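Peer 1: Model the following, please.
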Amino acid sequence: MAPATPELVSPRSPRVTAARRLAKRNFRSKERLFLAEGPQAVREAAGHGSDGRATLVELFATVEAAERHADIVGAARDAGARVQLASEQVVADISTTVTPQGLVGVCRFLDTPFEEVLGRRPRLVAVLAHVRDPGNAGTVLRCADAAGAEAVVLTDASVDLYNPKAVRASVGSLFHLPVAVGVPADRAVAGLRQAGARILAADGAGDRDLDEELDRGAMGGPTAWVFGNEAWGLPEETRALADAVVRVPIHGKAESLNLATAAAVCLYASARAQRAPAGCRSVTGN
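Peer 2: This is a model prediction of the structure:
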């Protein structure tokens, strides 16, 4: 059997041009399409769908990547995606990474309406308010997924969910749980509180200590954590919306924790408390 050859070899092809434009937010918003790069993201995209439609609509793959990841290419075809064998130059031209992995998928937007999130009455939610770094946004989404959160909300002051760096940083978690976007912070808090969640703002200057909240068994109920900007935290007006402002205790000499690390600590603390038979209390407590 003759070896496969690329079908797309020119970066000027209309299909390549259309895909490359999705690196820019205005084109993503206009087409309601975004890029998912690498085997993990493409695999998750191929298995995802909503409203009877597959999320993955097109896949660009180098010959080498298509052979190495034949299962992913097969899943893409099974999902109805158009699979294009492309030259390495073409895939590199579409990719937004320095070292492309040979697979780039074009996907439909998959965010969930906020009202639908509320209707599910989630027990654990991460709210990203004023988060501007796409890598942090994607990493917090991944942490929320790992901790078993049932939804993530990005406020209208936060970064674009479909920024390529955010998609990569989520490492496929974007396809695992409902994400609502563009929700004003006050509306997010009011809606989640009405849906039964306690609102906790994570802030290094908080007047509540996370360990103390755990020790007194206060974190076993439905909870929405609000995380702020990487550099300056949460503005006072957003802090004021919360039921409590909680700090992660620093037991060593570190000046602070970065956003994603603090989010992971907070989300896992809630996950543990919610799974404990009668709340979560310190093993050293009396």
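
Peer 1: how deep is L141 tucked in, by neighbour count?
Peer 2: 28 (other C-beta atoms under 10 Å). (Glycine included, C-beta is placed from N, CA and C.)

Peer 1: does it count as helix, strand or coil?
Peer 2: helix (DSSP: H, G, I helix; E, B strand; the rest coil).

Peer 1: going forward can the numbers begin at 629, since that is how I track them
Peer 2: Okay, using 629 as the starting number, the last item reads as L769.

Peer 1: Assess the claim that it and V755 are in contact.
Peer 2: No. L769 sits out of contact with V755 when judged by C-beta atoms under 8 Å, with a separation of 11.7 Å.

Peer 1: so what's the residue nearest to G849 when sequence neighbours are not counted bridging to?
Peer 2: Residue nearest to G849 in three dimensions, not counting chain neighbours: R826, with 5.9 Å by C-beta to C-beta, 6 or more residues apart in numbering. With beta bridges defined as DSSP bridges, R826 has these partners: T851.

Peer 1: can you list residues touching both of L769 and V755?
Peer 2: When contacts are counted by C-beta atoms under 8 Å, 6 or more residues apart in numbering, L769 and V755 have V780 as shared neighbours.

Peer 1: Nearest the geometric middle of the protein, what residue?
Peer 2: L769 (3.4 Å; C-alpha atoms, centre = their mean).

Peer 1: For that one, list the residues it contacts.
Peer 2: Neighbouring residues of L769 by C-beta under 8 Å, 6+ apart: A754, V780, A794, A797, S798, S801, L802, L805, V807.

Peer 1: Check P762 too.
Peer 2: Contacts of P762 (C-beta under 8 Å, 6+ apart): V787, D788, N791, P792, K793, A794, A797.

Peer 1: neighbour-wise, which of those leads?
Peer 2: Counting by other C-beta under 10 Å, top hit in the contacts of P762: A794 with 25 neighbours.

Peer 1: Can you pull out the residues in contact with the host helix or strand of it?
Peer 2: Secondary-structure assignment from DSSP states H and E places A794 in helix 792-798. Contacts made with helix 792-798 from outside it, assessed by C-beta under 8 Å, 6+ apart, are listed as 651, 662-666, 669, 724-725, 762-767, 769-770, 773, 787-788, 802.

Peer 1: CA atoms only: put it into PDB for me.
Peer 2: Written as PDB, here are the backbone C-alpha positions of helix 792-798 (Å, rounded to 0.1, in the frame of the first residue of the first chain):
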ATOM      1  CA  PRO A 792      -6.100  29.000  22.300                       C
ATOM      2  CA  LYS A 793      -3.900  29.200  25.400                       C
ATOM      3  CA  ALA A 794      -7.000  28.800  27.700                       C
ATOM      4  CA  VAL A 795      -8.100  25.700  25.600                       C
ATOM      5  CA  ARG A 796      -4.600  24.200  25.800                       C
ATOM      6  CA  ALA A 797      -4.300  24.900  29.600                       C
ATOM      7  CA  SER A 798      -7.600  23.100  30.300                       C
END
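
Peer 1: Now find how far off-centre whichever helix or strand comes after that helix is within its chain.
Peer 2: If you walk from helix 792-798 toward the C-terminus, the next helix or strand you reach (DSSP H and E) is strand 807-811. Strand 807-811 has its average C-alpha position 11 Å from the chain's average C-alpha position, going by C-alpha atoms, centre = their mean, to the nearest Å.

Peer 1: Give the other helices and strands that strand 807-811 contacts.
Peer 2: Contact analysis of strand 807-811 by 3 or more C-beta pairs under 8 Å, 6 or more residues apart in numbering; DSSP states H and E lists helix 742-747, strand 779-783 as its packing neighbours.

Peer 1: Kindly reformat the ones you listed as TSV containing distance to A891 and mean pLDDT.
Peer 2: TSV is the format used below for the helices and strands packed on strand 807-811 (distance: least, C-beta to C-beta, whole Å; pLDDT from 0 to 100):
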stretch	distance to A891	mean pLDDT
helix 742-747	18	97
strand 779-783	10	97
